[in-house]
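A.B. asks: Attaching a predicted model along with its sequence, questions to come.
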Amino acid sequence: MKNENKILLPGLEEQLKFFLNGVNVKEKKCLVAGASSEHISKIISLESGEKVYQIVEDYDSLINANLLLTNEDNIDIRMMDFETTDFDSESFDVIYSQASFSTLNRSKIIKEIKRILKPGGILCVGEITLLQKTVPQFVIDIFQTSRLDPIYFKDLNEYYTQRKFEVLTDLNLSKALVQYYKESARMLKAAERSITENEAKYYKKLLNKISHETKSFIKYDADKFVGFHTLILKKHEEK
């Protein structure tokens, strides 16, 4: 089962392109937060020339990541709670997350991310967003099933500026979110016909997780209510 985009996350490869066009990661210590981000870690490692750290929150994701990153000595995969990592304060120059922080515990996660990011460091974050303040019940059901807590898109920048980040640039990737669900539907259909043993280990949990979302998104036009926005942020320098 091939994924031509290689990044099966909301925003697909578009967030990573946006990030690398706007941020110089050469010789920077970088952290990637989130499952299914292995290709992202590999690309950032190649661009930076340094070891990249990737954290995931559960054992299955750790096993999957190690399976995909066999012989990738320049990527250090660790399992950690995003709210309470094991890293020292001000450990990283750059932190990247694609659809990993749009959860009910977002504020605790961002507090921890701010702790381990150096002053003046860069945070690139992709967020599932609300395109309307009032949404139908089936959209609420999607959020509850996936433990998502999207922010209304017009309030997203302010959320981060209130937490002492400067918004350097942002991008609306809602069209890429639609493409993500279409790609997910294609992969689900392909998986029913043919899937290798290794792919089954990697994709089973991921595809089960997005199956319900995909059907609801495509069948009921959830793109009218749900979007995806990416921000490149700078942590304020200490005075």
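C.D. replies: Nice, thanks for sending it over.

A.B. asks: where along this structure do the helices fall?
C.D. replies: Taking DSSP state H as the criterion, the chain contains helices spanning 14-22, 38-48, 59-68, 106-116, 137-146, 156-161, 174-193, 197-219.

A.B. asks: Quick one, which of these gets closest to residue 126.
C.D. replies: Closest to residue 126 of the helices of the chain is helix 14-22 (CB to CB; 4.8 Å). Just so you know, the C-beta spots here come from the backbone N, C-alpha and C atoms, and that holds for glycine as well.

A.B. asks: Contacts for that closest one next, please.
C.D. replies: The contact list for helix 14-22 (CB atoms under 8 Å, 6 or more residues apart in numbering) reads 7, 9, 40, 43-44, 47, 96, 98, 124, 126, 168-169, 171, 173, 176, 230, 232.

A.B. asks: List buried residues within the residues you listed.
C.D. replies: Buried members of these, counted by 16 or more other CB atoms under 10 Å: 7, 9, 40, 43-44, 47, 96, 98, 124, 126, 171, 173, 176, 230, 232.

A.B. asks: Give me the most central residue, this structure.
C.D. replies: Of all residues in the chain, the one closest to the mean position by CA atoms, centre = their mean is residue 98, 1.8 Å from it.

A.B. asks: what's the residue nearest to that residue when sequence neighbours are not counted in contact with, if anything?
C.D. replies: Leaving aside its chain neighbours, residue 98 sits nearest to residue 126 (4.4 Å; criterion: CB to CB, 6 or more residues apart in numbering). By CB under 8 Å, 6+ apart, the residues touching residue 126 are 9, 10, 11, 15, 97, 98, 99, 173, 228, 229, 230.

A.B. asks: quick one: pLDDT of the first one?
C.D. replies: When you say that, I think you mean residue 9. If you check residue 9, the pLDDT there is 92.

A.B. asks: pLDDT weak spots in this structure?
C.D. replies: Scanning the chain for pLDDT under 70 picks out 1-5, 188-212, 239.

A.B. asks: hmm, try it at 90
C.D. replies: Residue ranges of the chain with pLDDT under 90: 1-8, 60-61, 64, 67-73, 138, 141-147, 177-223, 237-239.

A.B. asks: What's the biggest strand in it, counting residues?
C.D. replies: Identified as the longest strand of the chain according to DSSP state E is strand 117-130.

A.B. asks: Report the angle between that strand and helix 137-146.
C.D. replies: 140 degrees (axes from the mean of the first three to the mean of the last three CA atoms, to 10 degrees).

A.B. asks: so residue 172 touches residue 157, yeah?
C.D. replies: No. Between residue 172 and residue 157 there is no contact under CB atoms under 8 Å: 12.0 Å.
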